[in-house]
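Engineer: Show me the folded form of this:
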Amino acid sequence: NMTNAVNALSGEYIAPMLMQAPFRHVLAASIREAKAVFSASGVEPRAAVPKDAILLRWFATLLCAPQPIFMALVGRKLKGRGQGHTSMAQDLLAHRVPTEID
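Structural biologist: Numbers count the residues shown, from 1 in each chain. Next comes the predicted model:
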C-alpha cells in the first residue's frame, strides 16, 4: 500500500491528507516510481480483482487532478476515513519501531 508511508510521514488522518494536493502529488510520484521499477524488472502489476484494474491504471493521474475533479470522483469514498490512519502511521504514533520507514 503506497499510502502507508505518505500517511505516516504526513501526520494527518487519511481523508484530510488526500484532500491536500501536495500529499496527493507525493503519493502519485511514489506510485509512478513503483510502476517504473516493476516495468524495468519486466513485471506487470495486475489488479487483485478485475474491477480494480482501471484504478490501478489511472490512480496516480487521478491523484494529480485539480481539487474539484478529485473531490467529485473520490470525495464520497473518503467519508468514514476522516479519523483513520494507515497501519504504519499507527505504529509511529504508538512509538512502535522499527517500521518500514526505518
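Engineer: Now do the same for the residue of the chain positioned farthest from its centre: helix, strand or coil?
Structural biologist: Most distant from the centre of the chain: residue 42, at 23.2 Å, with distances by CA atoms, centre = their mean. State at residue 42, reduced to three classes by DSSP: H, G, I helix; E, B strand; the rest coil: coil.
Engineer: Now it: phi and psi?
Structural biologist: Residue 42 adopts backbone torsions of phi 80, psi 20, taken as degrees, to the nearest 10.
Engineer: and it, what does it touch?
Structural biologist: Under the criterion of CB atoms under 8 Å, 6 or more residues apart in numbering, the contact list for residue 42 is empty. All C-beta atoms are positioned from the backbone trio N, CA, C, and that covers glycine.
Engineer: Distance-wise, check it relative to residue 11.
Structural biologist: Noted for residue 42: a distance of 37 Å to residue 11, by CB to CB, to the nearest Å.
Engineer: What of residue 48?
Structural biologist: Taken as CB to CB, the span from residue 48 to residue 11 is 29 Å.
Engineer: Between these two, which is the more surrounded one?
Structural biologist: Between residue 48 and residue 11, counted using other CB atoms under 10 Å, the more crowded position is residue 11 (11 against 8).
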